[in-house]
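Undergrad: let me see the structure of the following:
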Amino acid sequence: MLMKYCIVILCVTGVLPFKLTDNDENEAKPFTKIDREYYLINTTVAMNWFDAAFYCHFFDSDLAVIESEAEMNALNFYLTTNEGHVGKKFWLGITDLAKEGKFMSFTDDRPMPYAKWPGGEPNDFGKSDDCVLLWAINNTFLMNDHECTKKAYAICELR
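TA: Down below sits the predicted model:
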């Protein structure tokens, strides 16, 4: 918890960058360009979905919303070829909190543009799985509906 507050303070004071002024890749730090998008992949602090969304806002970004199979494949390739990502779960900016079973983009309230669920998902396990995350099954990242209050890492996408 203390680390989250430290990150907030560092962002507010300008020690950590949280806004980009142009598309210069050098200014995109701490974001990583994957295919055509810029992502901040946090593997340091696990947090619930709400805190992850708040965390991304400090970097002038939102929890990632995967728009296409090409974007999913590029992100999957990056996550599976960079050490330490496969065993982690990552929050996305998709939820069905407003209406059960209707997964929407949190940032612009439009229907989930792309889905890659494993068999049996989404399942609303325990009637409380309302937020979507990525997790690896057999070294391939897939989507899963999960309890929003559980901890996972954030994937932020630059606006």
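Undergrad: now residue 143: how far from residue 137?
TA: 11 Å (C-beta to C-beta, to the nearest Å). Backbone N, C-alpha and C define where each C-beta goes, glycine included.
Undergrad: following the helix ranked longest in the chain, which helix or strand comes up?
TA: As assigned by DSSP state H, the longest helix anywhere in the chain is helix 69-81. Next helix or strand after helix 69-81 toward the C-terminus (DSSP states H and E): strand 90-95.
Undergrad: name the helices or strands packed onto the helix or strand just after that following strand?
TA: Reading on from strand 90-95 to the C-terminus, the next helix or strand found by DSSP H and E is strand 104-105. Counting contacts by 3 or more C-beta pairs under 8 Å, 6 or more residues apart in numbering; DSSP states H and E, strand 104-105 is packed against strand 90-95.
Undergrad: so what's residue 112 up against?
TA: Taking C-beta atoms under 8 Å, 6 or more residues apart in numbering, we find residue 112 in contact with 65, 94, 103-105, 132.
Undergrad: again, only this time at 6 Å
TA: For residue 112, the contact set (C-beta atoms under 6 Å, 6 or more residues apart in numbering) comprises 94, 103.
Undergrad: and the longest helix of the chain, what's buried?
TA: Buried positions in helix 69-81, judged by neighbour count with 16 or more other C-beta atoms under 10 Å: 71-72, 74-76, 78-79.
Undergrad: what packs against that helix?
TA: strand 32-34 (3 or more C-beta pairs under 6 Å, 6 or more residues apart in numbering; DSSP states H and E).
Undergrad: quick one, strands of this protein?
TA: 32-34, 37-41, 61-63, 90-95, 104-105, 129-137, 140-147, 153-158 (DSSP state E).
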